[in-house]
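> Sequence isn't available, so here's the structure alone:
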């Protein structure tokens, strides 16, 4: 059974640019959530999608957005990148009663 | 607002010794999770604890949950070097399908 796939694995962007990250969940999982991990703030919840609808949103500015497609794949977008957006972005796939499985993450560096 | 605190943040121990990591959470939580993270890697699921008094064991690791005390513990028995990693607990609150993580415990097991 394939796991959670995140692409790309690494990204380097310049301040002010925008970036799109992708996450393909485990087959059959309809919930996808996103987390940001930084040394200073730890692991923080960004948002969660279920059946193409955002169900929960964390405390992040509007520059952070996401969406989910009918095949449950999800993308998150960060616009007007800031240095502080440098982080490991983790996607988690979940199904009722089966917990959360995390992808390998996308490491974003903003220069 | 659900808050999760772990202690200690850093733990250096000798091989063969036992130790416990503590995870306190502030409000009612549906589920409690434990994850392991190796440097530069994603989160590996260790345990999901669903109810008061739940105890799960895998190898040298045992996790327990006391919902009345809002406390989960991860006990390490006869530590070996391969257990060196950062361990996170995460609570899933009643507000939705999202995890609130503790700050992590960096474990170093010395020969």
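Nice, thanks for sending it over. Every value quoted in this text rests on a predicted model; they were computed, and no experiment measured them.
> pLDDT score for residue A:1?
On pLDDT, residue A:1 comes in at 61.
> which stretch of helix or strand covers residue A:54?
strand A:53-57 (DSSP states H and E).
> Distance-wise, check the nearest residue to residue B:76 once chain neighbours are set aside relative to chain A.
Excluding its sequence neighbours, the residue lying closest to residue B:76 (Cβ to Cβ, 6 or more residues apart in numbering or on different chains) is residue B:19, at 5.2 Å. C-beta here means a position set from N, CA and C on the backbone, and glycine is covered the same way. According to Cβ to the nearest Cβ, to the nearest Å, residue B:19 stands 22 Å off from chain A.
> Quick test: name the residue nearest the centre of chain A.
Most central in chain A under Cα atoms, centre = their mean is residue A:34, positioned 3.6 Å from the mean C-alpha point.
> Around chain A, pick out the residues from chain B.
Within chain B, the positions near chain A by Cβ under 8 Å from any Cβ of the partner chain are B:31, B:33, B:35, B:41-45, B:48, B:88, B:90, B:95-101, B:103-104.
> redo that, cut-off 6 Å
Contacts of chain B with chain A, taken as Cβ under 6 Å from any Cβ of the partner chain, map to B:42, B:43, B:48, B:96, B:97, B:98, B:101, B:103.
> Just give me the neighbour total for the fourth one.
Other residues within reach of residue B:96, judged by other Cβ atoms under 10 Å in any protein chain shown, total 13.
> So it: helix, strand or coil?
Following DSSP: H, G, I helix; E, B strand; the rest coil, residue B:96 is assigned to coil.
> is it true that it touches residue A:54?
No. Between residue B:96 and residue A:54 there is no contact under Cβ atoms under 6 Å: 10.7 Å.
> Where does pLDDT dip in chain A?
A:1, A:97 (pLDDT under 70).
> How about the residues of it by chain B?
Residues of chain A lying near chain B by Cβ under 6 Å from any Cβ: A:31, A:42, A:43, A:45, A:48, A:56, A:99, A:102, A:104, A:105.
> And the residues you listed, which is closest to residue A:85?
For these, the residue nearest residue A:85 by Cβ to Cβ is residue A:105; the value is 14.4 Å.
> so who does the closest residue to residue B:4 other than its chain neighbours touch?
Leaving out its chain neighbours, the residue that sits closest to residue B:4 by Cβ to Cβ, 6+ apart is residue B:102, at 4.3 Å. Contacts for residue B:102 were tallied using Cβ atoms under 6 Å, 6 or more residues apart in numbering or on different chains; they are B:4, B:6, B:23, B:88, B:89.
> Now residue B:102: phi and psi?
Residue B:102 adopts backbone torsions of phi -80, psi 180, taken as degrees, to the nearest 10.
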